[in-house]
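Q: Whatever this is, show me its structure:
(one chain, ligands or ions: 1)
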Amino acid sequence: MMKIGIYPGTFDPITHGHTDIITRSLKVFDKVVVAVAPNPAKHPLFTLTERLEMIRVVTQEIQGVEVTHFDGLLVDYVQRYGAHAIIRGLRAISDFEHEFQMALINRKIAKQVETVFLMPSEEYSYLSSTIIKDVATHGGALTEFLHPEVARRLQERIRSLKT
Ligand code: ADP
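A: Residues are numbered from 1 along each chain as shown. Below is the predicted model:
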């Protein structure tokens, strides 16, 4: 049976940390569905369409990845899709409490849906989309953290917001 994992997130924008988790997931799952949550409450810098486009560019050469979006409850989406688990990345201890709470709530709502946590490579363990947006706002180099196309779009977006 084909094992499918759903990797949900805001991906505003996708960083090397996210890509690291996607690549690691493919050691465990046959297929990884990167599912973007619109998350308007987080006031994303990029539209849903832009976030999807960037993920497609970054993952185009990785076999076994599907890029899509979902609305509503994640566990409903996971069940509708017929996937086997939710994939989440765990960085520092600070992620733990929130992720633990989410996983247990999801289990309460749908007890058959498991959450699998993967740790990124150390070099990405401090990386977040929020930090990257800060670095970009202050003109820092982005090449170590982002795919060149994502870096280009982020710099362009920040420039357009400043003018
Ligand atoms: P969300 O709004 O759901 O937290 P994010 O796009 O910030 O969306 O993150 C999606 C998932 O990717 C989360 O599980 C998050 O912990 C994980 N993640 C984000 N950045 C990294 C990173 N640098 N290393 C490992 N996991 C990460």
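Q: Give me the buried stretch members for the one helix or strand in the chain whose mean pLDDT sits lowest, please.
A: Taking mean pLDDT, DSSP states H and E as the measure, the chain has helix 93-109 as its least confident helix or strand, at a mean of 92. By neighbour count with 16 or more other CB atoms under 10 Å, helix 93-109 contains the buried residues D95, E99, A103, N106. For the C-beta atoms, the positions are set from N, CA and C on the backbone; glycine is no exception.
Q: Can you show me the strands along the protein?
A: 4-9, 31-36, 65-69, 85-89, 114-118 (DSSP state E).
Q: is the third one up against the ligand anywhere?
A: No: figure legend: strand 65-69 not in contact with the ligand (CB under 6 Å from any ligand atom); closest approach 12.5 Å.
Q: do the second one as well
A: No: looking at strand 31-36 against the ligand by CB under 6 Å from any ligand atom, there are no contacts, and the closest approach is 8.4 Å.
Q: Tell me the gap between that strand and the middle of its chain.
A: 9 Å (CA atoms, centre = their mean, to the nearest Å).
Q: That strand to strand 85-89, inter-axis angle?
A: 70 degrees (axes from the mean of the first three to the mean of the last three CA atoms, to 10 degrees).
Q: Can you list the strands that strand 31-36 pairs with?
A: Its sheet considered, strand 31-36 pairs with strand 4-9 (parallel), strand 65-69 (parallel) by DSSP bridges.
Q: just checking, which of those sits deepest inside the structure?
A: strand 4-9 (a mean of 22; mean count of other CB atoms under 10 Å).
Q: any idea of the angle that strand forms with strand 114-118?
A: Following the same axes, to 10 degrees, one obtains 70 degrees for the angle between strand 4-9 and strand 114-118.
Q: Can you give the contact residues for strand 4-9?
A: Residues from elsewhere that reach strand 4-9, judged by CB atoms under 8 Å, 6 or more residues apart in numbering: 18, 21-22, 25, 28-37, 70, 74, 77-78, 81-88, 116.
Q: What residues does the protein have near the ligand?
A: Counting by CB under 6 Å from any ligand atom, the chain sits next to the ligand at 9-11, 15, 17-18, 21, 88-89, 91, 95, 120, 124, 127-129.
Q: What subset of the contacts of strand 4-9 is buried?
A: Using 16+ other CB under 10 Å, the buried ones in the contacts of strand 4-9 are 18, 21-22, 25, 29, 31-37, 70, 74, 77-78, 83-88.
Q: before we move on, back to that, TSV for the strands paired with strand 31-36, including mean pLDDT?
A: Listed next are those as TSV, based on pLDDT from 0 to 100:
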stretch	mean pLDDT
strand 4-9	98
strand 65-69	98
